[in-house]
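Visitor: Next one to model:
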Amino acid sequence: MLGMLVICATLTPGANAQTQKPLTNADIVNLSKQGLDAGLIVKEIRASGTSFDLSPDALIQLKNEGVAQTVMEAMLNAQANKPTAGVEATHGAANATAVDPSKPVCNPTGGCLLREGTQVPLKFLNDLNSKTANQGDTVEFLLDEELKVGGAVVVAKGAHAVAVVSAAKKAGMMGKPGDLAVQLEYLNSGSNHIRLRGTQGKEGEGKVGTTVALTVLFGPIGLIKHGKNVDIPAGTPLLAYVDQDIWLAPIE
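Guide: Numbering: from 1, shown residues only. Below is the predicted model:
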């Protein structure tokens, strides 16, 4: 009974969210281990202040601690929707709809609007192979070109991006080829997490990332002749897209 009281006290609806301490990774792990339904944890994340560590190592630890993928997606959403380096708080997402979408927007106070659908040229940081990859593994990328708004650089070349292996199957009998797909998550720029997707068109509101079938994307180029496992060498390019408008401070 005491355990249930503690959980109920933690899951106070959004009206009290401002008076509570922000949710942390440890809070999410604790709620998951208490057996709380993932849907309820997601609702609490949406209603509360948050202070999550969503680095690649932290995401792996969350997975190993049994945190559901839907919960981790809600954590990533919460991080992506937080004010960006003081700029979002100044301008607000509503201002994004009040400007000409065909023109770059940089405010004199230091904020630039990186638009949804902007191309993000990435390259694989490490080799990836369907024979050794496992569903849920973190895949890291590097930004291959700096991102600009007008003439202002808002994300430096070499920034890290993160995806998660969503499907992995090694080559089978009778020449059956391997299968490999990743779900894009975000591009990391300082304290900002810029949500990414794998298609130019938006797949659906509230959806984090997009599954990219590497077998289809790279075709025969990505297949080893012997065994036909999907083999993506480090440095292989992959084109991603910004998943939602975000205000960023220019890099000086």
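Visitor: gap between the closest residue to residue 212 other than its chain neighbours and residue 181?
Guide: Spatial nearest neighbour of residue 212, excluding adjacent residues (C-beta to C-beta, 6 or more residues apart in numbering): residue 198 at 3.9 Å. Bear in mind the C-beta positions are built from the backbone N, C-alpha and C, glycine included. Between residue 198 and residue 181 the distance, using C-beta to C-beta, to the nearest Å, works out to 10 Å.
Visitor: ok, now residue 75?
Guide: Residue 75 is 22 Å from residue 181, by C-beta to C-beta.
Visitor: again with residue 42
Guide: Counting by C-beta to C-beta - residue 42 and residue 181 are separated by 24 Å.
Visitor: do the same with residue 125
Guide: 18 Å.
Visitor: Tell me which of the two has more neighbours.
Guide: residue 181 (23 against 15; other C-beta atoms under 10 Å).
Visitor: now the helices for the stretch 101-250 of the chain?
Guide: Here the stretch 101-250 of the chain has its helices, by DSSP state H, counting those that start in this stretch, at 214-218.
Visitor: show me where pLDDT drops low in it?
Guide: By pLDDT under 70, the low-scoring segments of the stretch 101-250 of the chain are 101-102, 108-110, 172-175, 202-210, 215-216, 219-227.
Visitor: give me that answer again for 50
Guide: Regions of the stretch 101-250 of the chain meeting the criterion pLDDT under 50 cover residues 204-208.
Visitor: about what we covered before: which residues are common contacts for residue 198 and residue 181?
Guide: Common contacts of residue 198 and residue 181 (C-beta atoms under 8 Å, 6 or more residues apart in numbering): 211, 212.
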